[in-house]
Structures are given as C-alpha cells and as structure tokens.
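A.B. asks: Prediction below, plus the sequence it came from.
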Amino acid sequence: QMQLAESGGGLVQPGGSLRLSCAASGFTLDHYAVGWFRQAPGKEREGIACISDSPGSRNYRDSLKGRFTISRDNAKTTVYLQMDSLKSEDTAVYYCALSSIACSPYEWGYDIWGQGTQVTVSS
C-alpha cells in the first residue's frame, strides 16, 4: 500500500528553522511529483512548494520564495522541506502529497496524502 508520512514538525521560535521530511512507504518517488501544503487554524489548505519527478524542477508559493526550499534525496524515497526564518504566520499543519501527473498548487491535483505534521512558531 502506498503511503506518505511527514515528520520533523514541532515548536520553534521566530527566526528559527525546521526541516520537514516526507517519507514514502512501499514505493519510490521516481515518477511522481510531490507537493507540500499547509493549513493554518481557520484557513483553507494552501500549496507551498512542489518538486516534479524529472528533472526535479521546483515550484514555490511566491510569498515563501527565499525562505522555504524543497528537495529530494538520491534514493528517491524522501522529500524534504527546509524552512528558514520562520514567522508566527507559518504556524500550521503541514502535509505532503503525491501527484502521478505533475506539480499543481491545487489540492485536487494530488492522489495520496500524508497525515500531517504540526509546526508552531512562537516565542
């Protein structure tokens, strides 16, 4: 069964960094695009970054460019989201998701979702 699992969330102070991981279980990510989304309390889920299968092009939400970086490991089993200079407004549940077609900023473009990991930015 194909599954995704996020990890790496937690409590961090403003200005700090976190690296989230999205691990594939039962398959490799070679032929899939992987996106990261987040959902803050009372808000809709929004797309924040995506990495395509090949050649691994990256897309980011405009407001997050320069602070967030998406990458993939060589074994093609894990996708990372490096988050720097974190702000209180980055507090949300972060999800990774799999697309068999292509990167998309929209939820409906993704087939498989992880359970999410909580990120809280607070002093």
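C.D. replies: Looks like it arrived, so ask away. Residues are numbered from 1 along each chain as shown.

A.B. asks: Can you give me every residue that contacts the spatially most central residue of the chain?
C.D. replies: With the centre of the chain defined as its mean C-alpha position, the nearest residue by Cα atoms, centre = their mean is W36, 2.6 Å away. For W36, the contacting residues are 20, 22, 47-50, 70, 79, 81, 94-97, by Cβ atoms under 8 Å, 6 or more residues apart in numbering. The C-beta positions use only the backbone N, C-alpha and C, and glycine is treated the same way.

A.B. asks: Secondary structure element for it, which one?
C.D. replies: Using DSSP states H and E, W36 sits in strand 33-39.

A.B. asks: Each with direction, which strands does that strand pair with?
C.D. replies: Strand pairing for strand 33-39, using DSSP bridges, gives strand 46-51 (antiparallel), strand 92-99 (antiparallel).

A.B. asks: The following helix or strand past the shortest one: partners in the sheet, and parallel or antiparallel?
C.D. replies: Helices and strands here follow DSSP H and E; after strand 46-51, the next one along the chain is strand 58-60. For strand 58-60, sheet partners with direction are given as strand 46-51 (antiparallel), following DSSP bridges.

A.B. asks: what's in contact with the partner strand?
C.D. replies: 33-39, 57-61, 64, 68, 70-72, 79, 81, 99, 103-107.

A.B. asks: for the protein, what are the low-confidence residue spans?
C.D. replies: Applying pLDDT under 70 to the chain picks out no residues at all.
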